[in-house]
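Participant: Pasted the sequence and its predicted model underneath.
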Amino acid sequence: MSDGPMPPVERGWRVFAGDGHLLGQVDAVFADYLLVRSAGLLPVDLYVPADAVIAAGNARVLVNASGASARERWHRPLKRAPHA
């Protein structure tokens, strides 16, 4: 994990897990996390904390999780609607 601030990241950059798995693309950049739209047939949003970013540059971001664990760690499904 990174001890300092998150390196500069831009919308549209591709995000990769430490094992080389493509997680998706940066949809938005916030001070303490990246909103990443996952790659795949049924895309989901991943909320990647800033301290998980290992490196960034050349339109690529590397994070400290495997492809298998990233969705489990950073996916936050919508809560059930109150009237449902």
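Facilitator: Right, received. Where do you want to start? Numbers count the residues shown, from 1 in each chain.

Participant: okay, CA-based contacts and neighbour counts for the rest of this
Facilitator: Noted.

Participant: Beyond the top strand by length along the chain, next helix or strand please.
Facilitator: Using DSSP state E, we find that the single longest strand of the chain is strand 22-29. Following strand 22-29 in sequence order, the next helix or strand is strand 33-38 (DSSP states H and E).

Participant: Give me the mean pLDDT for that next one.
Facilitator: In this model, strand 33-38 has an average pLDDT of 94.

Participant: low-confidence ranges in this structure?
Facilitator: The model of the chain has pLDDT under 70 over residues 1-4, 77-84.

Participant: one step back: quick check: which helices or strands does the longest strand of the chain pack against?
Facilitator: Using 3 or more C-alpha pairs under 8 Å, 6 or more residues apart in numbering; DSSP states H and E as the contact test, the elements touching strand 22-29 are strand 14-16, strand 33-38, helix 67-74.

Participant: Regarding residue 51, what are the backbone dihedral angles?
Facilitator: phi -70, psi 0 (degrees, to the nearest 10).
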